[in-house]
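>>> next one to model:
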Amino acid sequence: MERKPIGQAIKELRCLRNMTQEDLIEKADLSRSQLYYIEADRRTPQISTLHNICTALGLTLLEFVHYLYGYTPTSSTPNISSMDAPGATIG
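Presented below is the predicted three-dimensional model:
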């Protein structure tokens, strides 16, 4: 499964939430140059910075990772009741 670039995903999510760069800079406690380099995919944010960005965007880190990889709750993820496991019983 291919992943979106982190900066592209942050910019998309920011725009989807009708936030300006200034809004995100203020809410995530970033500098203007930090956000510029991150959204341009010229710098990868540290995990603490990414956490601040996700919080400012109203997301958890897990939700952000799901967005990066295009995961949706309707993706076909097998659950135990649908798996054929010889000798396994449920309940």
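>>> secondary structure element holding the residue nearest in space to the middle of the chain?
In the chain, the C-alpha closest to the average C-alpha coordinate belongs to Phe64, at a distance of 1.5 Å (C-alpha atoms, centre = their mean). Phe64 belongs to helix 61-68 when assigned by DSSP states H and E.
>>> how far does that helix sit from the chain's center?
Put simply, helix 61-68 sits 3 Å off its chain's centre (C-alpha atoms, centre = their mean, to the nearest Å).
>>> likewise for stretch 39-51?
Here the centre of stretch 39-51 is set off from its chain's centre by 11 Å, with C-alpha atoms, centre = their mean.
>>> how about that stretch: buried residues?
Within stretch 39-51, the residues scored as buried using 16 or more other C-beta atoms under 10 Å are Glu39, Arg43, Pro45, Thr49, Leu50. Backbone N, C-alpha and C define where each C-beta goes, glycine included.
>>> stretch 23-31 too?
By neighbour count, and taking 16+ other C-beta under 10 Å as the criterion, the buried residues in stretch 23-31 are Leu24, Ile25, Ala28, Leu30.
>>> now, among the residues you listed, which is nearest to Arg14?
Taking C-beta to C-beta as the measure, Arg14 sits nearest to Leu24 out of the buried residues of stretch 23-31, at 5.3 Å.
>>> distance check, that closest one against Thr72.
Between Leu24 and Thr72 the distance, using C-beta to C-beta, to the nearest Å, works out to 24 Å.
>>> quick one on the thing from earlier: packing partners of the helix holding Phe64?
Helix 61-68 makes packing contacts with helix 6-16, helix 47-57 when contacts are defined by 3 or more C-beta pairs under 8 Å, 6 or more residues apart in numbering; DSSP states H and E.
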